[in-house]
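Asks: I'll drop the sequence and a predicted model, then ask my questions.
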Amino acid sequence: MGAKEKLRRSLIVTIDGPAGAGKTTISKLLAQRLGYRYMDTGALYRAVAVAAVEARVAADDDAALAELCRGMTLDLRETGEGLRVLLNQKDVTEQIRTPEISMMASAVSARPAVRSFLLDTQRALGAQGGIVAEGRDMGTVVFPQAEAKFFLDADSGIRARRRYEELKMKGAAAPDLETVEREMVQRDHNDSTRPLAPLKAAADALVIDSTHMTPEEVVARMIAHLSAIS
Ligand code: DC
């Protein structure tokens with residue numbers, strides 16, 4: 001781990017991109033290096049997905065989703081063991097990472113009630129800057145005024161393999177590589193073709209293809225860019 005970098009200003013840094021591009025690894029590393037907070041917005045959509053599954057709400061039932069969001073509290077808490085996700089005060093950090101919840105998160109994230117509920121939550125969490133915000137629409141919708149925007153991409157084969165290795169490390173019930181890739185391609189398609197806040201690079205984002213880069217190389221590239229603009 002390198003030394004802390006000192007930027008002249010407290011920025012909102014956005015990192016968008018498809019599943020498995022390395023956003024989480026990079027965002028955590030970058031936040032650490034800058035002494036910034038880290039916001040995983042995918043975790044918020046995943047927590048809403050958990051709530052929907054538990055309440056047996058269908059992913060296309062807008063009225064029920066709106067009702068569900070109205071009664072929900074969500075929080076991201078930095079702890080010694082990393083970022084914890086709290087849904088109605090209950091820790092769901094592990095529960096949100098299953099393939100079932102990944103697909104459900106992608107489905108509920110296309111619904112207007114869910115997006116508008118989370119828009120406020122995300123803006124409140126990022127309000128005072130000094131934050132690295134990771135997601136699909138950070139630079140385009142949630143923080144269009146952010147000074148530093150990145151779009152992180154990689155070949156879909158590499159992204160699937162990274163996700164597969166990650167799931168395998170977590171437990172025996174991991175699906176095979178082919179299934180991981182198929183579901184990832186499906187999820188990317190859902191996330192990029194939905195009418196509301198689709199996944200795309202902001203016009204003023206710096207696009208980085210991480211296919212042949214290590215996380216350290218990506219972070220170094222980002223810090224060089226941030227030092228130049230801050
Ligand atoms: O980054 P992730 O895989 O944890 O995100 C889970 C889902 O949430 C993803 O398929 C799309 C959705 N999402 C979104 O629509 N907007 C965001 N800012 C973050 C995630």
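Replies: Yep, it's here.
Asks: quick check: residues of the protein near the ligand?
Replies: 19, 41-42, 45-46, 105-106, 109, 135-137, 187, 191 (Cβ under 6 Å from any ligand atom). For glycine as for every other residue, the C-beta is placed from the backbone atoms N, C-alpha and C.
Asks: how about a cut-off of 5 Å?
Replies: 19, 41, 42, 45, 105, 106, 109, 135, 136, 137, 187, 191 (Cβ under 5 Å from any ligand atom).
Asks: just the buried residues out of the residues you listed, in ChimeraX syntax.
Replies: This is how ChimeraX selects the buried members of the residues of the chain next to the ligand, with burial counted by 16 or more other Cβ atoms under 10 Å:
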select :19,41,42,45,105,106,109,135,136,137,187,191
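Asks: can you put the residues of the chain next to the ligand in a markdown table and add distance to residue 63 and pLDDT?
Replies: Converted to a markdown table, the residues of the chain next to the ligand look like this (distance: Cβ to Cβ, whole Å; pLDDT from 0 to 100):
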| residue | distance to residue 63 | pLDDT |
| --- | --- | --- |
| 19 | 29 | 90 |
| 41 | 24 | 97 |
| 42 | 25 | 96 |
| 45 | 19 | 98 |
| 105 | 20 | 97 |
| 106 | 20 | 95 |
| 109 | 17 | 96 |
| 135 | 25 | 97 |
| 136 | 24 | 96 |
| 137 | 24 | 97 |
| 187 | 25 | 93 |
| 191 | 23 | 94 |
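Asks: among the residues of the chain next to the ligand, which ones are in strands?
Replies: Among the residues of the chain next to the ligand, DSSP state E puts residue 135 in strands.
Asks: I'd guess residue 83 is in a strand, am I close?
Replies: Yes - the assignment for residue 83 by DSSP: H, G, I helix; E, B strand; the rest coil puts it in a strand.
Asks: what's in contact with the longest helix seen in the chain?
Replies: Counting by DSSP state H, the longest helix found in the chain is helix 177-193. Outside helix 177-193, the residues that touch it by Cβ atoms under 8 Å, 6 or more residues apart in numbering are 18-20, 99, 102-103, 106-107, 109-110, 136, 156-157, 159-161, 163-164, 167, 175, 198-200.
Asks: repeat the analysis, applying 6 Å as the threshold.
Replies: 18, 19, 20, 106, 136, 160, 163, 164, 198, 199 (Cβ atoms under 6 Å, 6 or more residues apart in numbering).
Asks: for the residues of the chain next to the ligand, give me a markdown table that also has distance to residue 179.
Replies: Output for the residues of the chain next to the ligand, formatted as a markdown table (distance: Cβ to Cβ, whole Å):
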| residue | distance to residue 179 |
| --- | --- |
| 19 | 14 |
| 41 | 25 |
| 42 | 20 |
| 45 | 21 |
| 105 | 17 |
| 106 | 15 |
| 109 | 21 |
| 135 | 24 |
| 136 | 22 |
| 137 | 27 |
| 187 | 12 |
| 191 | 18 |
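Asks: closest to residue 56 among the residues of the chain next to the ligand?
Replies: residue 105 (16.4 Å; Cβ to Cβ).
Asks: looks like the closest one contacts residue 48 (just checking).
Replies: No - if you go by Cβ atoms under 6 Å, residue 105 and residue 48 don't touch, sitting 7.3 Å apart.
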